[in-house]
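# from the sequence below, what's the structure:
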Amino acid sequence: MSQSLQADTIKTSANNPQESELLLPSPPKHKTLFRLLAYLKPYWWALALTIIGFAINAGTEIWIAKLLQYITDAINQNDQAKQNLFPLIIVLLFFVRGVGSFLGNYYTALVSRNLVYELRVQVFNKLLRLPSSFYLANPSGTISSKLIFDVEQVTAASTDSMKTLLRDGLTVVALIGFLLYSNWRLTLILFLVLPPILWLIRVASKRYLTLSKDIQQTMGDVSHITNEVVTGYQVVKNYGGQAYEAQRFDNTSKRNLRQGMKIVVTNSINTPAVQLLMAIAMSVVVWLALRPAVIDNISAGEFISYIAAAGLLSKPVRSLTDINQKLQKGLAAGESIFALLDEPEEQNTGVLSPVLSGEIKLDKVSLVYPDSTVALQDFSLDIRAGETIALVGRSGAGKSSLVNLLTRTLDTTSGQITMDGMAIEDITLESLRSQIAMVNQQVVLFNTTVFNNIAYGSLASKSQAEVERAAKDAFAHDFITKMPQGYQSEIGAEGLQLSGGQRQRLSIARALLKDSPILILDEATSALDNESEHYIQQALDNVMKDRTTLVIAHRLTTIESADRIAVLDNGRIVEIGTHDELLQNKSYYAQMYERDFK
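From the prediction side, this is the model:
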């Protein structure tokens, strides 16, 4: 994508690059939670085993209380037979407990990791279908943060919280059931602290959710700054930007730290407060239990068993209180993920998949951005199949906007574009783009081999001979064969191990290999030295034969051989003709050529 397209498209977004997302109203929390839980449906069998495992685990908590009663009564009654069973019972108890814990923990982890996998794949596939405007309105660091950080946080709202809820929730239910069975009157006292506990949890929930969203925002900023520094490390070093970037990163990291500490403070107050309420209720229960009227009715073993069961409530209740923090983090992350998944995708309204000859007609085409900036207005141009058209003009004249209308990266505001007589909207995006090869000013290469960079995407089925032929035509074969593994050499992230001219030649080789009926050259030789440009221009001249070619160039000497040259200004064609005709007119083109020549 050219720089001018980026500049033009950025105008469509507001000053805040994430405004389109931030202005969307947040869905109710229960809807986000239910949507997350819907991902767990295929794993119902694993959830069933999880429940069984944690139910066994919860049952062993009652066993512990009953074991204390069994031991106390056996000692008081001096029953040696029962005492001899102590070791076996203890081993059996912890064996069963271990089996239950394994089932619960293993199948919870299975569901959790599969959820991360499915969400991450779904988000990534969504990114492949989003329009260019989304990428220009959202920094790359923010997008990658959603894919990495937010997806991991989402598991806290579903599987991690579910694990705690099942394990400790079942434990609380089992213990309370045992306490009610043992002495329901004393147990009812514990329920008196439920209203204030629920109130504390509700207040903490709102704060957790707000702070979790702030943490996501700052994590996106941290990721964005890191991405900028890594990508632009040469500029940072050459212009002495280390101190500035370090300060910027430090400020953002501190904001993230402050939000994280606020969550810690909230949790550090909420959890002890809940535990204090539980302790008050427990103290009342113990005080009443020690009254003679109560003790006289139960044995020592039953009394110890009851107090032990009541004491065992503390740990699971504390865990259930802590679950709130994880849940709110996950819900905040879930809102962020679902906002991305709900983004409108690139519109593919076409139904035709023709084999194009390259005839293009633009009839009174206009392109106006939402901020009323006019990129093209009443633009009309007929391009014959196999014709080479050069587009020249100053920056902002509309050249790149026109090119990106042809690939439907942008859609027209008014007017019509046809290819071989068919409206461009009626042709499927896949068919349209498969028949247009582009060489841009800014080369995009991937961290893989030379071969895979030339035979990229739909070209992966091309043979070694075809790839080498394209490389030779782009004058790239010689430097490729001198690399350590030739065509199987890794070129590093963004091809930074290669020179600018070498990267551009790989991009040209990719376009040559595509062998499309329409070729777009957007400053295709701008990164080359004069000698390389001379040879590559010869290769381009050969490949442009019998192929519709649009050439965008600022150096006018590179487009003298075009069949026609269209001079653009303010989104209109102000002059069109051959090189010689335009020079004779002594108007726009002649003035530009004279400046270029000088």
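
# now do the contacts for residue 49.
Applying CB atoms under 8 Å, 6 or more residues apart in numbering, we find residue 49 in contact with 103, 107. Placement of C-beta: from N, CA and C, glycine included.

# check the gap between it and residue 108 for me.
As judged by CB to CB, to the nearest Å, residue 49 and residue 108 stand 9 Å apart.

# what do you get for residue 342?
From residue 342 to residue 108 the distance is 28 Å (CB to CB).

# of the two, who's got more company?
residue 108 (23 against 10; other CB atoms under 10 Å).

# residues in contact with the more buried one?
Residue 108 neighbours (CB under 8 Å, 6+ apart): 50, 159, 160, 162, 163, 166.

# which SSE is it in?
helix 86-129 (DSSP states H and E).

# likewise for residue 75?
With DSSP H and E as the test, residue 75 turns up in helix 44-76.

# got the angle for that helix vs helix 86-129?
160 degrees (axes from the mean of the first three to the mean of the last three CA atoms, to 10 degrees).

# buried residues in helix 44-76, which are they?
Using 16 or more other CB atoms under 10 Å as the test for burial, helix 44-76 gives 46-47, 49-51, 53-58, 60-74.

# how far out from the middle of the chain is that helix?
43 Å (CA atoms, centre = their mean, to the nearest Å).

# report pLDDT for the nearest residue to residue 110 once chain neighbours are set aside.
Using CB to CB, 6 or more residues apart in numbering and skipping the chain neighbours, the partner closest in space to residue 110 is residue 46 (5.4 Å). On the pLDDT scale, residue 46 is placed at 89.

# look up how far residue 115 lies from residue 46.
11 Å.

# who's in contact with the residue nearest to residue 110?
Shown in contact with residue 46 (CB under 8 Å, 6+ apart): 107, 110, 111.

# just the buried residues of those.
107, 110, 111.

# where exactly do the strands run in the stretch 301-450 of the chain?
For the stretch 301-450 of the chain, the strands defined by DSSP state E, counting those that start in this stretch occupy 360-368, 374-383, 388-392, 414-419, 422-423, 436-439.

# please name every helix or strand in contact with the first one.
Strand 360-368 is packed against strand 374-383, helix 399-406, strand 414-419, with contacts defined by 3 or more CB pairs under 8 Å, 6 or more residues apart in numbering; DSSP states H and E.

# in its sheet, which strands sit next to that strand, and in what direction?
Strand 360-368 sits in its sheet next to strand 374-383 (antiparallel), strand 414-419 (antiparallel), going by DSSP bridges.

# again, but for the last one
For strand 436-439, the pairing partners within the sheet under DSSP bridges are strand 518-522 (parallel).

# ok, residues contacting the strand it pairs with?
Contacts of strand 518-522 (CB under 8 Å, 6+ apart): 2, 356, 358, 360, 400, 403, 406-407, 435-441, 511, 540, 543-544, 547-553.

# picking that back up, in a markdown table: the strands paired with strand 360-368, plus mean neighbour count.
Converted to a markdown table, these look like this (neighbours: other CB atoms under 10 Å):
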| stretch | mean neighbour count |
| --- | --- |
| strand 374-383 | 19 |
| strand 414-419 | 18 |
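
# any idea what residue 552 is bridged to?
Using DSSP bridges, the bridge partners assigned to residue 552 are residue 391, residue 522.

# ok, it touching residue 523?
Yes. The criterion here is CB atoms under 8 Å, and residue 552 meets it with residue 523 at 6.1 Å.

# kindly format the C-alpha coordinates of stretch 405-419 as PDB.
Provided in PDB are the C-alpha atoms of stretch 405-419 (Å, rounded to 0.1, in the frame of the first residue of the first chain):
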ATOM      1  CA  LEU A 405      -9.800   2.100  -6.700                       C
ATOM      2  CA  LEU A 406      -8.800  -0.500  -9.400                       C
ATOM      3  CA  THR A 407      -7.900  -3.100  -6.700                       C
ATOM      4  CA  ARG A 408     -11.000  -2.100  -4.700                       C
ATOM      5  CA  THR A 409      -8.900  -1.200  -1.700                       C
ATOM      6  CA  LEU A 410     -11.100   1.900  -1.900                       C
ATOM      7  CA  ASP A 411     -14.600   2.200  -3.300                       C
ATOM      8  CA  THR A 412     -15.800   5.000  -5.500                       C
ATOM      9  CA  THR A 413     -18.000   7.700  -4.100                       C
ATOM     10  CA  SER A 414     -19.700   8.100  -7.500                       C
ATOM     11  CA  GLY A 415     -19.200   7.100 -11.100                       C
ATOM     12  CA  GLN A 416     -18.400   3.700 -12.400                       C
ATOM     13  CA  ILE A 417     -15.300   1.600 -13.200                       C
ATOM     14  CA  THR A 418     -15.600  -1.300 -15.700                       C
ATOM     15  CA  MET A 419     -13.200  -4.000 -16.700                       C
END
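
# quick one: it to chain centroid distance?
29 Å.

# next: stretch 402-410.
Using CA atoms, centre = their mean, the offset of stretch 402-410 from its chain centre is 26 Å.

# who's in contact with that stretch?
Here stretch 402-410 makes contact (CB under 8 Å, 6+ apart) with 1-2, 5, 9, 131-132, 360, 362, 365, 367, 376, 379, 391, 401, 411-412, 417, 424-425, 429, 432-433, 436, 438, 518, 520, 522, 550, 552, 568.

# residue 324 against residue 204, yeah?
Yes. Contact criterion CB under 8 Å: residue 324 and residue 204 qualify, at 5.8 Å.

# shared neighbours, the two?
residue 270.

# make TSV from the contacts of residue 46 and add distance to residue 303 and pLDDT to it.
Shown next, in TSV, are those (distance: CB to CB, whole Å; pLDDT from 0 to 100):
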residue	distance to residue 303	pLDDT
107	38	88
110	42	87
111	41	86
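
# dump those to CSV, plus distance to residue 267.
As requested, the contacts of residue 46 are arranged in CSV below (distance: CB to CB, whole Å):
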residue, distance to residue 267
107, 28
110, 28
111, 25
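
# quick check: closest non-adjacent residue to the residue nearest the centre of the chain.
By CA atoms, centre = their mean, the mean C-alpha position of the chain lies nearest to residue 147, the distance being 3.0 Å. Nearest non-adjacent residue to residue 147, counting by CB to CB, 6+ apart: residue 123, 5.4 Å away.

# could you count how many residues lie near the one you found?
When neighbours are counted by other CB under 10 Å, residue 123 comes out with 19.

# does it really touch residue 148, like I thought?
No. Between residue 123 and residue 148 there is no contact, the gap being 9.8 Å when judged by CB under 8 Å.

# pLDDT score for the residue nearest to residue 401 when sequence neighbours are not counted?
In space, residue 401 comes closest to residue 375 once its chain neighbours are excluded; the distance is 4.2 Å by CB to CB, 6+ apart. If you check residue 375, the pLDDT there is 82.

# for residue 286, same thing?
69.

# tell me who's in contact with residue 222.
Counted by CB under 8 Å, 6+ apart, residue 222 has contacts 141, 145, 249, 252, 253, 256.

# what does residue 220 give?
18, 139, 141, 142, 145, 146, 149.

# what about the second one, distance to residue 254?
Residue 139 sits 20 Å away from residue 254 when distances are taken as CB to CB.

# which residue of these two possesses the greater neighbour count?
residue 139 (19 against 11).

# so the more buried one makes contact with residue 226?
No. Counting by CB under 8 Å, residue 139 stays clear of residue 226, with 11.0 Å between them.

# from the chain's centre, how far out does the helix or strand containing residue 206 sit?
Following DSSP H and E, one finds residue 206 within helix 194-231. Relative to its chain's centre, helix 194-231 lies at 17 Å (CA atoms, centre = their mean).

# what residues of it count as buried?
197, 200-201, 204-205, 207-209, 211-229.

# next: stretch 355-371.
356, 357, 358, 359, 360, 361, 362, 365, 367, 369.

# tell me who's in contact with the residue lying closest to the third one once chain neighbours are set aside.
What sits nearest to residue 358 in space, not counting adjacent residues and going by CB to CB, 6+ apart, is residue 548, at 3.1 Å. With contact set as CB under 8 Å, 6+ apart, residue 548 has these partners: 357-360, 383-388, 517-519.
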